[in-house]
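**Student:** Here's a sequence, model it:
(one chain, ligands or ions: 1)
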Amino acid sequence: MKRDYKALLNPALQQIGVYKVEGGQEAEVKLNQNESPFDLPAWLKEKILDQFRQEPWNRYPDILPYRGMEAYASFLGIPKESVIMSNGSNEMLYTIFLACLGQGRRILIPEPSFSLYEKIALLLQTQVVSVPMHSGLDFDVDAIIETAGREKVDFIVLSTPNNPTGKSLSHTEVERIVEAADAIVLVDEAYIEFSREESVLDLIDRYPNLIVLRTMSKALALAGMRIGFAISNPALMAEISKPKIPFASGRLAEITLVNVLENYTLVDEAVAYILGERERLQTELRGIAGVEAFDSDTNFLIIRVADALSVFLKLKEAGVLVRNVSGYHLMENCLRFNVGLREENDRILELLNKL
Ligand SMILES: Cc1ncc(COP(=O)(O)O)c(C=O)c1O
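**Tutor:** Coordinates of the predicted model:
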């Protein structure tokens with residue numbers, strides 16, 4: 001008799017679920033995926049499409065997207081051997097985890113953090129060691145260092161600024177962890193452009209165990225193009241590149257990235273706008289009875305209300321989609337929403353005031 005098909009699958013599938021965006025991806029006012037409210041201007045899209053038309057669509061792109069990698073390395077002012085581009089930073093997370101994790105390995109993840117870390121780790125049958133944030137949602141740096149040593153973890157992942165809490169580690173705190181840890185440390189800087197804290201990119205030469213992860217989906221407003229990067233010293237990069245899916249980035253993504261980097265004032269202006277609106281929102285939110293607004297170093301805000309599910313549903317009914325993050329450790333009755341256009345921000349303020 002043949003075995004049931006389930007017995008033939010990776011047993012870790014029993015521990016994980018399909019990735020979902022709760023509430024969906026459609027709404028009149030969509031603030032639930034930490035996207036940029038600004039699409040590229042039409043003139044730049046035209047320029048990108050003109051260049052894309054000249055490409056041979058019947059030919060494979062480069063094995064790795066070297067044009068995009070050279071452009072980003074030169075933008076950062078670092079050697080091209082230190083960067084690798086992926087189809088969104090999610091793909092890079094899979095690549096790095098495949099290179100570093102597996103049965104018998106241990107990963108330290110501060111809790112709460114980006115859900116994909118735990119999912120990929122479990123899939124790779126890696127033991128997860130969680131370190132809770134402080135009750136105000138800040139990182140507990142001493143506990144991270146102490147636990148990493150005691151539990152002999154092989155890998156530490158730090159999302160800073162952190163999704164879903166919005167809180168950051170300082171440059172000094174990251175360096176303390178990287179220095180102390182007998183582990184690879186992956187620092188996911190998806191939201192770094194919005195942070196008051198400095199990037200730790202300058203540390204890649206000094207620490208052979210450090211990898212920095214970046215995405216073009218947030219400040220660069222290219223979530224639809226799927227572009228991410230890992231950055232490390234060239235020796236470590238050569239190793240973590242080995243499991244990379246070949247030809248994973250298409251020609252259009254590379255051309256788009258080159259053009260956006262050439263027009264970076266667009267990004268600077270968008271970031272300045274988002275930071276201004278973030279402060280305005282925070283001040284206004286703090287004036288609303290029954291709403292607790294946390295400090296944020298990202299393009300999104302976290303608020304605590306009396307009944308998050310009921311507020312989530314009422315906002316949704318009124319056409320405003322936010323993320324109910326109440327299920328995360330320490331985030332009971334919390335909602336997350338990204339900074340939108342001015343009128344979208346006014347709309348959510350008005351609704352929260354009413355509710
Ligand atoms: C911390 C963090 N890392 C990575 C990602 C994934 O970004 P990408 O669109 O590059 O796959 C996200 C997306 O929300 C995120 O919040």
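
**Student:** only C-alpha atoms for contact and neighbour calcs from this point on.
**Tutor:** Fine.

**Student:** I'd like to know the phi and psi angles of the nearest residue to Met133 once chain neighbours are set aside, please.
**Tutor:** Leaving out its chain neighbours, the residue that sits closest to Met133 by C-alpha to C-alpha, 6 or more residues apart in numbering is Phe139, at 4.8 Å. Phe139 adopts backbone torsions of phi -60, psi 150, taken as degrees, to the nearest 10.

**Student:** roughly how far apart are the closest residue to Leu330 other than its chain neighbours and the ligand?
**Tutor:** Nearest residue to Leu330, sequence neighbours excluded (C-alpha to C-alpha, 6+ apart): Ser135, at 6.5 Å. Ser135 sits 20 Å away from the ligand, going by C-alpha to the nearest ligand atom, to the nearest Å.

**Student:** element containing Ser135, please.
**Tutor:** Assigning secondary structure by DSSP states H and E places Ser135 outside every helix and strand.

**Student:** Was I right to think it contacts Met331?
**Tutor:** No: the pair Ser135 / Met331 is not scored as a contact, 9.0 Å apart, by C-alpha atoms under 8 Å.

**Student:** of those two, who's got more company?
**Tutor:** Met331 (20 against 11; other C-alpha atoms under 10 Å).

**Student:** residues touching the more buried one, list them.
**Tutor:** 304, 325 (C-alpha atoms under 8 Å, 6 or more residues apart in numbering).

**Student:** quick check, it in a strand?
**Tutor:** No: looking at Met331 with DSSP: H, G, I helix; E, B strand; the rest coil, it is coil, so not inside a strand.

**Student:** For it, what are phi and psi?
**Tutor:** Dihedral angles for Met331 - degrees, to the nearest 10 - are phi -120, psi 30.

**Student:** From the ligand, how far off is it?
**Tutor:** Counting by C-alpha to the nearest ligand atom - Met331 and the ligand are separated by 16 Å.

**Student:** and if you look at Leu64?
**Tutor:** 17 Å.

**Student:** residues contacting that residue?
**Tutor:** By C-alpha under 8 Å, 6+ apart, the neighbours of Leu64 are 84-85, 246-249.

**Student:** in which helix or strand would I find the closest residue to Arg196 other than its chain neighbours?
**Tutor:** Nearest non-adjacent residue to Arg196, counting by C-alpha to C-alpha, 6+ apart: Asp297, 6.3 Å away. For Asp297, there is no helix or strand it lies in under DSSP H and E.

**Student:** Quick one: neighbours of Asp297, just the number.
**Tutor:** 24.

**Student:** before we move on, what about Glu91?
**Tutor:** 19.

**Student:** quick one: secondary structure of it?
**Tutor:** Following three-state DSSP, Glu91 is assigned to helix.

**Student:** Leaving aside the residues adjacent along the chain, what's closest to it?
**Tutor:** Using C-alpha to C-alpha, 6+ apart and skipping residues adjacent in sequence, the residue nearest Glu91 is Gly228, 7.9 Å away.

**Student:** returning to what we had before: may I see the contacts of Leu64 organised as a markdown table, with neighbour count added?
**Tutor:** Converted to a markdown table, the contacts of Leu64 look like this (neighbours: other C-alpha atoms under 10 Å):
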| residue | neighbour count |
| --- | --- |
| Ile84 | 26 |
| Met85 | 28 |
| Pro246 | 14 |
| Phe247 | 15 |
| Ala248 | 17 |
| Ser249 | 23 |
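
**Student:** roughly how far apart are the residue nearest to Met133 and Ser232?
**Tutor:** Applying C-alpha to C-alpha, to the nearest Å, the value for Phe139 to Ser232 is 23 Å.

**Student:** In this structure Ala308 contacts Gly327, no?
**Tutor:** No: Ala308 lies out of contact with Gly327 (C-alpha under 8 Å); the separation is 10.2 Å.
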